[in-house]
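Asks: any chance you could fold what I've pasted below:
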Amino acid sequence: MRQWTKERISPEVRKEYRTTLHLAWPVVVGQIGHVTVGVADSAMVGRIGAVPLAASAFANSLFVIPLVLGIGMAYGLTPLSANRSGSEGAESLADVLRNGLWLNMGFGLLLMGALFGIRPFLGVMGQDATVAALAVPYLGILSLSMLPLMLFLTVKQFIEGLGDTKTGMRISLWGNGVNIVLNAVMIYGWLGFPALGLLGAGIATLIARVLMALAIVLLTRKSTDYAPYWKPLASKPPERETLGDIARLGLPTSLQYLFEVSAFALSALMVGTLGAVPLAAHQIAISLASISYMGASGISAAATIRVGTELGLKKPGKARRAGLVGLTLGAGIMLLSGLVFLIGRTFLPSLYSPDAEVVAMASSLLIIAVFFQLSDGLQVVALGALRGMADVRYPTWITFLAYWIVALPMAWVVGIQWKGGTHAIWGALAFGLSVSAALLVWRFWSLSRKGLKAVGRAE
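Replies: Residues are numbered from 1 along each chain as shown. Presented below is the predicted three-dimensional model:
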């Protein structure tokens with residue numbers, strides 16, 4: 001303990017904190033800005049009624065599953081570009097961008113097709129008929145936004161691996177501002193536009209994502225730092241080896257996100273069978289919890305970059321230290337957010353809905369959210385650190401175990417079968433997060449320690 005305390009306050013560790021925060025804060029701001037749009041969507045839609053808000057929750061609980069698959073695939077570029085930036089040249093990095101675009105745009109087409117394919121079945125998923133009918137066109141508009149979003153994410157994750165986390169942040173914030181303004185115009189019918197309600201929120205999201213994709217492509221193609229990586233784009237075909245490298249990192253990452261997020265999405269479907277009010281309250285509480293999660297997710301992205309870069313430079317000791325610094329920062333952010341939720345548990349839900357019953361239930365759900373903040377932060381940062389080590393297989397199995405073997409069956413039993421309701425479902429999710437956090441932190445600790453021992457034996 002004394003040795004760790006001394007190491008923690010050493011100049012090297014303090015420098016690592018500064019470096020991680022320098023990388024993380026633009027990602028955190030961008031992520032929170034992205035979630036803020038979701039919060040704004042929910043708040044604006046909530047003002048036109050509980051049924052549109054419930055329809056938004058229903059559609060988004062379905063959209064989020066292919067969405068996180070796409071995000072996970074795009075995230076495969078970050079550790080690869082970080083590692084190659086520390087060990088290889090510009091040509092190798094250009095291969096990563098080119099093949100990443102081929103892979104991710106093709107994957108985006110598949111995801112968009114899957115979203116359109118499930119729309120006819122929304123009416124048979126146990127939801128209120130009015131809610132399901134309203135969700136169908138909204139989900140269709142969101143589906144169209146998948147391709148521009150994948151284009152934006154591909155370029156963003158590539159340049160983040162090179163240590164540029166600010167460009168994506170700036171474009172995200174700009175796009176989020178456009179989205180919120182268009183929300184007001186199209187949901188409520190401002191400036192002479194027709195009031196489109198929930199459908200207007202979907203159109204605003206689509207337009208904003210198209211503009212964000214165009215912006216990041218144009219900026220990076222004109223940048224002296226990134227233009228060389230675009231030049232071979234049309235002159236070379238996709239390469240199996242690099243496609244495989246990206247897919248080996250991206251597909252397991254997609255599954256990791258899928259197992260976690262689908263657990264929350266399927267829990268929304270469970271809550272939806274209990275009525276429109278519980279589902280609206282669930283959507284409010286989960287929207288607020290997602291803000292703090294995205295903060296920790298930014299730290300996770302920085303941990304991926306730092307660990308991947310140091311391993312590319314053949315420095316496993318610094319890679320381990322970078323991961324540990326990320327874990328402590330993630331824990332700190334989530335403890336702070338838990339305090340905010342505790343203090344603002346009544347006020348924050350009132351920003352979403354004037355319905356007293358919805359606000360009261362959302363307030364009580366935030367109490368449960370307070371208890372799983374630490375676990376949520378630790379597990380997402382541990383995933384990022386392990387991704388930087390190119391360790392994605394075992395973390396995928398851990399997330400499957402925590403959410404699909406533990407959390408979801410428990411939620412169904414205690415929440416639906418035993419009639420514990422929404423609060424019991426949330427308690428089961430909190431337990432699954434704790435299982436995930438414990439196993440992932442242990443995995444990083446043991447794996448990074450083995451790397452140090454291997455270096456010691458070699459020396």
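
Asks: pLDDT below threshold where in the stretch 351-459 of the chain?
Replies: Residues of the stretch 351-459 of the chain meeting the criterion pLDDT under 70: 451-459.

Asks: can you show me the helices along it?
Replies: Assigned by DSSP state H, counting those that start in this stretch, the helices in the stretch 351-459 of the chain fall at 356-388, 393-400, 408-411, 421-458.

Asks: go on, the stretch 51-200 of the chain?
Replies: Here the stretch 51-200 of the chain has its helices, by DSSP H, counting those that start in this stretch, at 77-87, 90-118, 129-144, 146-161, 166-188, 198-222.

Asks: quick one: which of the helices of the stretch 351-459 of the chain is nearest Pro278?
Replies: With Cβ to Cβ as the measure, helix 421-458 is the member of those nearest Pro278 (4.7 Å). All C-beta atoms are positioned from the backbone trio N, CA, C, and that covers glycine.

Asks: now do the closest one: distance to the chain's middle.
Replies: 18 Å (Cα atoms, centre = their mean, to the nearest Å).

Asks: do stretch 365-373 as well
Replies: With Cα atoms, centre = their mean, you get 19 Å for stretch 365-373.

Asks: let me see the residues that make contact with it.
Replies: 281-282, 285, 288-289, 292, 334-335, 337-338, 341-342, 345, 348-349, 422-423, 426-427, 429-430, 433-434 (Cβ atoms under 8 Å, 6 or more residues apart in numbering).

Asks: same deal with stretch 243-251?
Replies: Under Cβ under 8 Å, 6+ apart, the answer for stretch 243-251 is 72-77, 79-80, 96, 99-100, 102-103, 387, 390, 392.

Asks: pLDDT of it, averaged?
Replies: Averaging pLDDT along stretch 243-251 gives 88.

Asks: check which residues of it are buried.
Replies: Across stretch 243-251, burial judged by 16 or more other Cβ atoms under 10 Å covers 243, 245-247, 249-251.

Asks: and Arg345, what are its phi and psi?
Replies: Dihedral pair for Arg345: phi -60, psi -30, per degrees, to the nearest 10.

Asks: number of nearby residues for it?
Replies: For Arg345, the count of nearby residues is 20 (other Cβ atoms under 10 Å).

Asks: that one and Leu21, how far apart?
Replies: 29 Å (Cβ to Cβ, to the nearest Å).

Asks: separation between Ser42 and Ala247?
Replies: Ser42 is 34 Å from Ala247, by Cβ to Cβ.

Asks: next one: Leu196
Replies: Taking Cβ to Cβ as the measure, Leu196 falls 39 Å from Ala247.

Asks: try Gly344
Replies: 42 Å.

Asks: likewise for Leu109?
Replies: Taking Cβ to Cβ, one finds Leu109 at 16 Å from Ala247.

Asks: tell me how far Asn99 lies from Ser353.
Replies: 46 Å.

Asks: Ala303 too?
Replies: 36 Å.

Asks: neighbour count for those two, which is higher?
Replies: Neighbours per residue (other Cβ under 10 Å) separate Ala303 from Ser353, with Ala303 holding more: 32 against 24.

Asks: dump the residue contacts of that one.
Replies: 20, 322-323, 325-327, 381, 384-385, 388.

Asks: who are the contact partners of Trp404?
Replies: 259, 263.

Asks: correction: the previous question concerned Ser375.
Replies: So Ser375 contacts 430, 433-434, 436-437 (Cβ under 8 Å, 6+ apart).

Asks: 7 Å - rerun?
Replies: 433-434, 437 (Cβ atoms under 7 Å, 6 or more residues apart in numbering).

Asks: what of Ala331?
Replies: 374, 377-378.

Asks: quick one: which of these has the most company?
Replies: Gly377 (30 neighbours).

Asks: can you get me a residue count around the residue nearest to that residue when sequence neighbours are not counted?
Replies: Once flanking residues are discounted, Gly377 sits nearest to Met334: 3.3 Å by Cβ to Cβ, 6 or more residues apart in numbering. Neighbour count for Met334, taken as other Cβ under 10 Å: 24.

Asks: secondary structure element for Met334, which one?
Replies: Assigned by DSSP states H and E, Met334 belongs to helix 316-343.

Asks: could you pull out the buried residues of that helix?
Replies: Using 16+ other Cβ under 10 Å as the burial criterion, the residues of helix 316-343 that qualify are 316, 318-331, 333-334, 337-338, 340-341.

Asks: what average pLDDT does that helix get?
Replies: On average, the pLDDT along helix 316-343 is 92.

Asks: between that helix and helix 356-388, what angle do the directions make?
Replies: Angle of helix 316-343 versus helix 356-388, following axes from the mean of the first three to the mean of the last three Cα atoms, to 10 degrees, is 180 degrees.

Asks: and after helix 316-343, which helix or strand comes next?
Replies: helix 347-350.

Asks: wait, Ala285 sits on Ala362?
Replies: Yes - in this structure Ala285 lies within contact range of Ala362 using Cβ atoms under 7 Å: 4.8 Å.

Asks: of these two, who's got more company?
Replies: Ala362 (30 against 26).

Asks: in contact with that one, which residues?
Replies: 281, 284-285, 349.

Asks: I'd like to know how far the residue nearest to Met150 when sequence neighbours are not counted sits from Ala135.
Replies: Sequence neighbours aside, Gly108 is the residue nearest to Met150 in space, at 3.5 Å (criterion: Cβ to Cβ, 6+ apart). For Gly108, the distance to Ala135 equals 22 Å [Cβ to Cβ].

Asks: who has more neighbours, these two?
Replies: Each of Gly108 and Ala135 has its neighbours counted (other Cβ under 10 Å); Ala135 has more, 28 against 23.

Asks: roughly how far apart are that one and Val358?
Replies: 18 Å.

Asks: hang on, the earlier thing: could the contacts of Ala331 go into JSON lines alongside distance to Leu214?
Replies: Shown next, in JSON lines, are the contacts of Ala331 (distance: Cβ to Cβ, whole Å):
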{"residue": "Leu374", "distance to Leu214": "39"}
{"residue": "Gly377", "distance to Leu214": "34"}
{"residue": "Leu378", "distance to Leu214": "37"}
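
Asks: and those residues, which is closest to Leu211?
Replies: Relative to Leu211, the closest of the contacts of Ala331 is Gly377; by Cβ to Cβ it sits at 31.6 Å.

Asks: for that closest one, which residues are in contact?
Replies: So Gly377 contacts 296, 330-331, 333-334 (Cβ under 7 Å, 6+ apart).

Asks: show me which pair in those is furthest apart.
Replies: Of all pairs in the contacts of Gly377, the most separated under Cβ to Cβ is Ala296 and Ala331 at 8.6 Å.

Asks: tell me the contacts of Asp128?
Replies: Counting by Cβ under 7 Å, 6+ apart, Asp128 has contacts Ala276.

Asks: kindly report the same for Leu122.
Replies: By Cβ under 7 Å, 6+ apart, the contact list for Leu122 reads 132, 135-136.
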